[in-house]
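> Starting from these lines, generate the structure:
(chains A and B)
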Amino acid sequence: MNAVVARLTAGELLGRRRGVVLVILPAVMLLLAVLARSADEPVKVTILTIVAFSLVVPLLGLVLGTGAIASEIDDGSIVYLLAKPMSRYAIATTKVVVAAAVTVALAAVPTWAAALVLGLSTDVAIAFALAAALAGICYAAVFVLLSVATRSAVVFGLLYALVWEGVVGGFVPGARVLSVQQWALGVAEGVLGPAAAADIGLDAAVGATTGLLLMTGVTLGATWYAGQLLRTLRVTGDG
Amino acid sequence: MSELVLAGVSRWYGNVVAVNDVTMTIGPGITGLLGPNGAGKSTILNMMGGFLAPSAGAVTLDGEVVFKNTDIYRRVGIVPEGEALYDGITGRQFVMANARLQRLPDPAAATAKALDLVDMTAPADRGLATYSKGMKQRVKMATALVHEPDVLLLDEPFNGMDPRQRLHLMDLLRAMAAAGRTVMVSSHILEEVEQIADTIQVLIAGRHAASGDYREIRRLMTERPHQFTIRCSDPRSLASAVIADGSAAGVSVHEDGVDVQAIDVGRFTRLLPRVAREHGVRLHEVTPADESLESVFAYLVARR
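Got it, this is the predicted structure:
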């Protein structure tokens, strides 16, 4: 971690137009929650699961994970960080931590609020918020890595977030095991306990322990590998 | 006093050779790295800055390999070509962030000193987004100078500067060189580097085409043979007169004119109107062949 890098990154993430875009997604989720208040409980849970875990959390992770570093790599200003006697892993870790912190704030808190607006129990709200926070951290790390690995991070990230996580991860049986949202929902299921989870129709593809281990592993692995790639990042343009 | 050494350095990307067996030593004073766009200057700068591994050979700073060696940045300052900065902060905050990342004992004092050096003290507390091109360039300089490096690498620093800013930057670089620092400036414009560089390294198509002081480079460039295409009324008699004079190495005659390979351009351009008048030849058009920097460089490479 490096405080100076953290401050610069936070300034870039929250400044300019991105700040506005960032509040739209949680706002849409809350709006949908208000509209779905009178639905049956299983329908409410399904709506919250889809909106939060297939849409809001992965998209916020994408915007923030790439925003934390991709634009700096694109425009070359990353050189101000790289041309310093500083560990590349510290740069990568800081970028992931800042992106993850903002994702958690913007994804977990509205997920919790949306659950309460829907009239779900406090336990369900807390379990979903925790799952959203963990998924947000994992996405932030994955998208920071993607930004360092490719200049088309946003395109690949969108494909991954919407197609894989949204469609494949949500519905295709075998592939569900390899989906961050299923790992996160596994944790939510574990927090609620089998009976309560069955009550609201929550059935994740993996158990809580497996989900937690996979998310931790992916987060740490992606951060480490992003640092590894930063060690050999070409910093200037054409010839 | 620091010395940056490239020993037999090549860099290729797949089948494309970007830099081909370059050996050069960059010592104290100002060195100009001159070459047309796409000649491999950026690749060389990336290798000098430790961001890119040479495919063959080695880049060392005072004997230490620079690639993946983050310790070198205590002694090296890099001014990138790009204009992108962190828009949400002021010039002073930006330079200060660089000073902190260098872990300087007194970042505030170092920041003030660097800003003063580039004459940016007055606008230092304005947002970076409000700066003009020249101001951004100077703040970039300040970020690279804040830790008082022995080696300064600048990528096309004069791009987009007005003449006054250019002179100011040249003075600044000369002062650094006079203090015994090693300064390297890349550029694609000879006139730019010859005004400040003690030594010029010419790079063309990834190869080290020439090196020396600017007078030597200038002489190589002006003494090369020049190609002229001449349209005239009587190509045969003009051709024989030009050959007889001896200022041309080769003449080829075609339907409505001649192509001349002049050895001594000055002499040839004085001779041509006189010979034409003497032989009653009417000159319709005299065109010097491609005078672009690329053709000048191409000549330098072909010489080797």
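
> any weak-confidence spans in the stretch 201-304 of chain B?
B:214, B:218-225, B:289-304 (pLDDT under 70).

> Can you show me the helices along it?
For the stretch 201-304 of chain B, the helices defined by DSSP state H, counting those that start in this stretch occupy B:214-222, B:235-245, B:265-278, B:293-303.

> Same question for chain A.
A:3-14, A:18-35, A:41-48, A:57-67, A:70-75, A:79-82, A:88-103, A:109-117, A:122-149, A:153-158, A:169-171, A:180-192, A:194-199, A:208-230 (DSSP state H).

> Pick out the shakiest of those, pLDDT-wise.
Averaged per stretch, pLDDT over the helices of chain A is lowest on helix A:169-171, reaching a mean of 64.

> For chain A, see how far away B:Asp119 is.
Going from B:Asp119 to chain A by C-beta to the nearest C-beta, to the nearest Å gives 21 Å. Backbone N, C-alpha and C define where each C-beta goes, glycine included.

> for that residue, phi and psi?
phi 60, psi 40 (degrees, to the nearest 10).

> count of neighbours near it?
15 (other C-beta atoms under 10 Å in any protein chain shown).

> Let me know whether B:Tyr73 touches A:Pro85 as I believe.
Yes. Here B:Tyr73 reaches A:Pro85: they are 4.9 Å apart, a contact under C-beta atoms under 8 Å.

> coming back round to it: mind checking which of the helices of chain A is nearest B:Leu145?
B:Leu145 sits nearest to helix A:79-82 of all those, at 13.2 Å, using C-beta to C-beta.

> Which strands or helices does the closest one pack on?
When contacts are defined as 3 or more C-beta pairs under 8 Å, 6 or more residues apart in numbering or on different chains; DSSP states H and E, helix A:79-82 packs onto helix A:88-103, helix B:91-101.

> could I get these as JSON lines with mean neighbour count?
Converted to JSON lines, the helices and strands packed on helix A:79-82 look like this (neighbours: other C-beta atoms under 10 Å in any protein chain shown):
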{"stretch": "helix A:88-103", "mean neighbour count": "24"}
{"stretch": "helix B:91-101", "mean neighbour count": "24"}
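
> Same list as before, the ones you listed that is, but in JSON lines and with distance to A:Val167 included.
Formatted as JSON lines, the helices and strands packed on helix A:79-82 follow (distance: least, C-beta to C-beta, whole Å):
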{"stretch": "helix A:88-103", "distance to A:Val167": "22"}
{"stretch": "helix B:91-101", "distance to A:Val167": "42"}
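
> nearest to A:Trp183, of these?
So among the helices and strands packed on helix A:79-82, helix A:88-103 is nearest, using C-beta to C-beta, at 15.4 Å.

> quick one: contacts of the closest one?
Under the criterion C-beta atoms under 8 Å, 6 or more residues apart in numbering or on different chains, residues A:1-2, A:5-6, A:9-10, A:13-14, A:22, A:57, A:60-61, A:64-65, A:67-69, A:81-82, A:136-137, A:139-141, A:143-144, A:148, A:219, A:222-224, A:226-228, A:230-231, B:70 lie in contact with helix A:88-103.

> still on that earlier bit, between B:Tyr73 and A:Pro85, tell me which one has more neighbours.
Using other C-beta under 10 Å, the more surrounded residue of B:Tyr73 and A:Pro85 is B:Tyr73, with 22 against 16.

> so when I look at the more buried one, I'm seeing a helix, right?
Yes. Checked against DSSP: H, G, I helix; E, B strand; the rest coil, B:Tyr73 lies within a helix.

> Now do the contacts for it.
B:Tyr73 is in contact with A:Ala83, A:Lys84, A:Pro85, B:Gly50, B:Gln102, counting by C-beta under 8 Å, 6+ apart.

> ok, and the most crowded of these?
Going by other C-beta under 10 Å, A:Ala83 tops the contacts of B:Tyr73 with 27 neighbours.

> can you pull the contacts of that one?
Applying C-beta under 8 Å, 6+ apart, the residues contacting A:Ala83 are B:Gly49, B:Tyr73, B:Val76, B:Gly77, B:Ile78, B:Ala144.
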